[in-house]
Structures are given as C-alpha cells and as structure tokens.
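J.: coordinates only, sequence not included:
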C-alpha cells in the first residue's frame, strides 16, 4: 500500500489525497482478511434484468468503498432505475451524510 501511495497523484484520488485514499483502503483490506473465502457466483448474463419495478440507487460522491460509478453499472440491469448521488457523502448516505438528499430521495421514492 505504501508503494502504491507513493505513485498516486492527487488527481487519481480526488477528492481525497493519496494518504487518505490508501489508508482507507488498508483498513478495508484488514477487515476483509478474516472473511470466509467463498466461491463468487457468476455475474448474470447481460440479458438477465431485474423485475420490471422501480429501483433507487443511492451513492455518495466521496465513497471510497463503493464508488458511485458502480451505480451506473448496476442501473444497466434495471428497467426503471433512478440514480441519486449525494454531494459530500461517503459510504453511509442515509445514516451519516450531513446532506439530507439521500434520505429525501428514499422518502420520495417510497411515497410514489
């Protein structure tokens, strides 16, 4: 991780600095060390889509664990996806974000 941190530029880890980005990654790696090793199921074929129901995908623009770009990949398998990216939020958009946009998006989505 240290060798990687030294090679990273600020642009590659924005909005974080390289030290923050790699420290967060190291903590994640250490947490995962004790997880049981299991065979990962194959990804569904591109033709397999979710049921025809609305889907809300929430993400924070500062989430290092699950970058918001993954929301767009997941949305490809949904019929009616709505993507909400919460500005200034990290991993826990509904619980910890000071920006209420994620909580409001869930509220609005469920009341439709």
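T.: Here it is on my side, so go on. None of these values were measured; they are calculated from a predicted model.

J.: Residue nearest the middle of the chain, spatially speaking?
T.: residue 66 (2.5 Å; C-alpha atoms, centre = their mean).

J.: Test my guess that that residue contacts residue 90.
T.: No - contact status for residue 66 versus residue 90: not in contact, 9.9 Å apart, counting by C-beta atoms under 8 Å. Glycine gets a C-beta too; all of them are placed from N, C-alpha and C.

J.: for residue 85, what are its contacts?
T.: Contact partners of residue 85, counting by C-beta atoms under 8 Å, 6 or more residues apart in numbering, are 59-61, 68, 71.

J.: For residue 93, list the residues it contacts.
T.: Taking C-beta under 8 Å, 6+ apart as the definition of contact, the neighbours of residue 93 are 58-60, 63, 86, 102.

J.: Strands of the chain, residue ranges please.
T.: Ranges of strands in the chain, per DSSP state E, are 54-60, 80-86.

J.: Just the buried positions in the first one, please.
T.: Taking 16 or more other C-beta atoms under 10 Å as the neighbour-count basis, strand 54-60 is seen to contain the buried residues 55-60.

J.: for those residues, which one is nearest residue 111?
T.: Taking C-beta to C-beta as the measure, residue 111 sits nearest to residue 56 out of the buried residues of strand 54-60, at 11.8 Å.

J.: Count the neighbours of residue 15 for me.
T.: Residue 15 is surrounded by 11 other residues when neighbours are defined as other C-beta atoms under 10 Å.

J.: what about the closest residue to it other than its chain neighbours, distance to residue 10?
T.: Closest residue in space to residue 15, ignoring its immediate chain neighbours: residue 62 at 5.6 Å, by C-beta to C-beta, 6 or more residues apart in numbering. Distance of residue 62 to residue 10, given as C-beta to C-beta, to the nearest Å: 15 Å.

J.: out of the two, which sits in the more crowded spot?
T.: Using other C-beta under 10 Å, the more surrounded residue of residue 62 and residue 10 is residue 62, with 17 against 11.

J.: Fine by me, thanks again.
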